[in-house]
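Asker: this is the structure alone, sequence omitted:
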C-alpha cells in the first residue's frame, strides 16, 4: 500500500485494525532502520507463517539459520519489531474487547437488600514487563482507534516511531514507590470515570440498593518476602495515594466555589459558617485577606476557598488539615449551612454525592492491605519483625490522619494453624484499640493447609477472646484469603482448584455453625494457573452459597493494564464482576457437591502425577537452565525478589510468579495443565467417556476447569519448547521433556474426547484465530531467545545481544498476554 494512503474503511474490525497497525509499523521500520531490515523481518514473518500453516519444521530451521547469521544490532532490530507488533495488537484487542463486553447480555437476575461490598485489590507483582513510558504511548494509540478517525495515521506513525526509539527494558529495578506511581494512572481512571458510573448504574441501583464499591491495594504495603517494603515506604506510599485523592477533592471544591456564589445582600450568613471562617482567618491570614477582598459578600465561597488551602497544605504545615475528620466536619458544616439557606425542598445532589464520595475514599483513596508471612510474625526476632511491629504501632495515628479505612486487612500469609492468627491478634491488640484493628485475615495457600483450613478456622473461632472481637468489632464477619498461586505450584491445576473449591464450602459451614459470616478474598493472578480468567466466570463458578456480603479479589501484574487502561474497559470489567457478585450473593449453602467422589478421585490422580514431576531432583536444573527465569531479576520488572530465600537451590524456594513466568516463556504453559492429562485419561478409562461427559455437562466446576485447561493447553507449543531443550540442555533433560510431552498429549486427547471436538477451541473460533495469528509472531521471538540464551551459556553475549535477550522476554510476555 502506498505511503500517505487514507483509510477509507477506518478501524471497523479487529483484523483490519491489526493489519493497518502492522503496515504502519512496517513503514516505521523502513523509515527508521531501512529496507534491508524490513525485508529481514518480513522474511522471518512469512517463514513463521508457513510453519504454522504446514507444521513443517524446515521453516523453523530457516528462521533459526537466518538469526544465527545476523549481527548483534540486526538481532536487536528484529526483536524490537516483533515486540512492538505485540504492543500494537494487544491494544487493538483491548479496544475491540470493549464492543464484546458491551454486547455480553449479562445482567442482574435477582434483588438483594443486604449491604454488599465489592472490592478489587490491586497488587504489584513482577509480570507487567512494559515500562510506563511505553504504555502511555500505546494508550494514546488506543484513543485514536476508539475515535475511529480515518485521518489519524500520521499521528499513529509518529507514536510508533516514538515507541521505536523508546527503551523497553528498565535500566534499574523499580522500587516500591515506583510501583505505587505506576498504579496511580489506573486509579485515576477508576476514581474519575468508573466509580460514580457504577454506583449510579440503573441495573445495580434497582436490584442492590446497598451495593458498595471499594478499591484496595497491596502496592506499598505487601511486606511478605519483600524487604524493601518498610514502614517508612508504606507511609510514603500513603502520601502519594492521598495526594491523588486530595487533588480530586480540590477540583471539586473549586467547582462548588463557583456554584455557591451566595451573596449576603440576599441571605444572612449561617452562624456556624461565619464562626468557622473567623477561626480559619487566624490560620490562613493571607489567604483570608485575599478572598475577603475578592468575595467580600460571598461567605460560602470564602469558606470553600479556605478549605481548599487547608487541603493543599495537608500534613505540610499548621495551615493544613492534620486529620481527615477535620475536613469531613467542614464539609458537613457546609452541607448544613446550605440546608439552612435553601431548606430541604431544593436537593443539591452533586454536593451530596461528593460527600458520599469523600466518606468512601477519605484521605487515602484505596484501602491498603498489610501482608506479612507467619514465619516473621511467629519469630518475634529480626529486622522484619521489628519493622512490622513498628507499622502496627503506627496504625492508630495513620487512621486519624487518613481515615478509619486506610487499612482494610492485615493478611497473614502461609497460615498453617490458629496459633498463627492468634499471635497476630495479640500483636495488634497490644498497640491498637480493638475497635480499630483492621480485619485479621489468614491466607491459606498450600494443599495441605487448604485441606485442614476448616479445622484451623474452628479452633480460631473457639478462642473466646478472638470470637468476642469478631462479634463486637467486626459485625460477626471473618475474612479468609485463598491462595490460588501457591496451591497450584504445590499440587497442580486440578488439585489446586478442587481444594480451594472444597475449602470454601467447609469454611463457610464452620462459619454458619459458629454464627459468623465468612467472606472470601481470592488471591488470583494473571494466568489460569494462578486463579486468573474472566472475572464474571470465576465468581459465577464459586461453590453455591459461599458468596455472602463481600467479595475481594486481587488484580495483578499485566492484568491491571489489560482491564483498566481505558475508562470503558474499567467500567465493563467492574460491572461484570459486580453483576456476578450480586447474582451469586446470599444463596443458600449447598454442602453436598454433585459428583464429589468422582472429582476427588480426579484431583488425587492429578496431584500424584504433578508431585512426581515437581519432586524430580533433575527438574530444578531443567527449569533454571532451560527457561529464562534467572533473567527476571535482570529485567527489573518488580521490586520483590523471585526467591523466598537467597542462594537456596530448590524449586520450593521459587515464588509462584517466576515459576509460571519461566514456563510460559518457553511455550510450555504447563502450570495450567500438567497432571490433568493423566487424571482425565484415567477417569475416561475407568468410567467410560459417556459417564465423564455427563459429569462435565452437569458440573459447573468441571466445565470451568476444562475450559481453563483447554485455553492454557492451546497456548502451549511443545515443538518450540523442544528447541529450548535441544539447544540449551543435555540429553538427560530429554527424559523430562518427554514426560511433559506425554502429559500434554494425554490432556489434549482427553479434552477432545470429553468435549467431542476435533481441535481445541473449536467452540471458540475468535480466541482460536487470535492465538493462531499470535503464534506466527511468537515463534521468531522464541527462536531469538533460544539463540541468545545459547550464546549466554557460552558467555559470548555482548551488551546489544544482552539487551535483545531481555527484550525477547518482554516481547514474549506481551505476545502471550497473561503470563504471570
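Answerer: In hand now; what should we look at? Owing to the predicted nature of the structure, the values given are computational and were not obtained by experimental measurement. Numbering: from 1, shown residues only.
Asker: for residue 550, phi and psi?
Answerer: As for residue 550, its main-chain torsions (degrees, to the nearest 10) stand at phi -150, psi 150.
Asker: contacts only, for it.
Answerer: With contact taken as C-beta atoms under 8 Å, 6 or more residues apart in numbering, residue 550 is in contact with 116-119, 477, 479, 519. Any C-beta I mention is one placed from the backbone N, CA and C, and that applies to glycine too.
Asker: how close does it sit to residue 213?
Answerer: 12 Å (C-beta to C-beta, to the nearest Å).
Asker: distance of the closest residue in space to residue 567 that isn't next to it in sequence from residue 568?
Answerer: The shortest distance from residue 567 to any non-neighbouring residue, by C-beta to C-beta, 6 or more residues apart in numbering, is to residue 193 (3.6 Å). Going from residue 193 to residue 568 by C-beta to C-beta gives 9 Å.
Asker: got the contact list for the closest residue in space to residue 547 that isn't next to it in sequence?
Answerer: Nearest non-adjacent residue to residue 547, counting by C-beta to C-beta, 6+ apart: residue 584, 4.4 Å away. Residue 584 makes contact with 539-540, 542, 544, 547, according to C-beta under 8 Å, 6+ apart.
Asker: element containing residue 521?
Answerer: Applying DSSP states H and E as the criterion places residue 521 in strand 517-523.
Asker: buried residues in that strand?
Answerer: 517-523 (16 or more other C-beta atoms under 10 Å).
Asker: tell me which strands that strand pairs with, and in which orientation.
Answerer: strand 477-483 (parallel), strand 550-556 (parallel) (DSSP bridges).
Asker: now distance to residue 43 and mean pLDDT too, for those strands, in CSV please.
Answerer: Below are the strands paired with strand 517-523 laid out as CSV (distance: least, C-beta to C-beta, whole Å; pLDDT from 0 to 100):
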stretch, distance to residue 43, mean pLDDT
strand 477-483, 46, 96
strand 550-556, 38, 92
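Asker: out of those strands, which is closest to residue 605?
Answerer: strand 477-483 (22.6 Å; C-beta to C-beta).
Asker: may I ask which helix or strand of this structure has the lowest mean pLDDT?
Answerer: Sorting the helices and strands of the chain by mean pLDDT, DSSP states H and E puts helix 632-635 at the bottom, at a mean of 62.
Asker: need the next SSE after that helix, C-terminal direction.
Answerer: helix 656-665.
Asker: wait, residue 591 touches residue 509, no?
Answerer: Yes: contact criterion C-beta atoms under 8 Å: residue 591 and residue 509 qualify, at 6.0 Å.
Asker: what about those two, which has more around it?
Answerer: residue 509 (18 against 13; other C-beta atoms under 10 Å).
Asker: do you know how far the more buried one is from residue 440?
Answerer: 21 Å.
Asker: same question for residue 36.
Answerer: Residue 36 is 63 Å from residue 440, by C-beta to C-beta.
Asker: give me the more crowded residue out of the two.
Answerer: residue 440 (23 against 10).
Asker: check which helix or strand the more buried one maps to.
Answerer: strand 439-444.
Asker: please name every helix or strand in contact with the very next helix or strand once past that strand.
Answerer: Downstream of strand 439-444, the first helix or strand assigned by DSSP H and E is helix 447-451. The elements that helix 447-451 packs onto, with contact taken as 3 or more C-beta pairs under 8 Å, 6 or more residues apart in numbering; DSSP states H and E, are helix 484-491, helix 493-513.
Asker: quick check: residue 275 is in a helix.
Answerer: Yes: Residue 275: assigned to a helix according to DSSP: H, G, I helix; E, B strand; the rest coil.
Asker: just the pLDDT for it.
Answerer: In this model, residue 275 is scored at 97, pLDDT.
Asker: can you pull the contacts of residue 417?
Answerer: 456, 459.
Asker: swap the cut-off to 10 Å and go again
Answerer: 374, 378, 423, 442, 449, 452, 455-456, 459-460 (C-beta atoms under 10 Å, 6 or more residues apart in numbering).
Asker: so residue 400 is in contact with residue 323, correct?
Answerer: Yes: if you go by C-beta atoms under 10 Å, residue 400 and residue 323 touch, sitting 4.9 Å apart.
Asker: now do stretch 387-395: distance to the chain's middle.
Answerer: 27 Å (C-alpha atoms, centre = their mean, to the nearest Å).
Asker: for residue 157, give its distance to residue 163.
Answerer: From residue 157 to residue 163 the distance is 11 Å (C-beta to C-beta).
Asker: what sits in contact with each of these two?
Answerer: By the contact definition C-beta under 10 Å, 6+ apart, residue 157 and residue 163 are jointly contacted by 25, 28.
Asker: and residue 657, which of the helices and strands packed on helix 447-451 is closest to it?
Answerer: Closest among the helices and strands packed on helix 447-451, using C-beta to C-beta: helix 484-491, at 7.1 Å.
Asker: tell me the angle the closest one makes with strand 550-556.
Answerer: 70 degrees (axes from the mean of the first three to the mean of the last three C-alpha atoms, to 10 degrees).
Asker: which strands or helices does helix 484-491 pack on?
Answerer: strand 439-444, helix 447-451, helix 493-513, strand 517-523, strand 550-556, helix 596-614, helix 656-665 (3 or more C-beta pairs under 10 Å, 6 or more residues apart in numbering; DSSP states H and E).
Asker: what average pLDDT does that helix get?
Answerer: Mean predicted lDDT for helix 484-491 stands at 85.
Asker: related to what we said a few turns ago, and the contacts of residue 584, which is closest to residue 430?
Answerer: residue 547 (34.2 Å).
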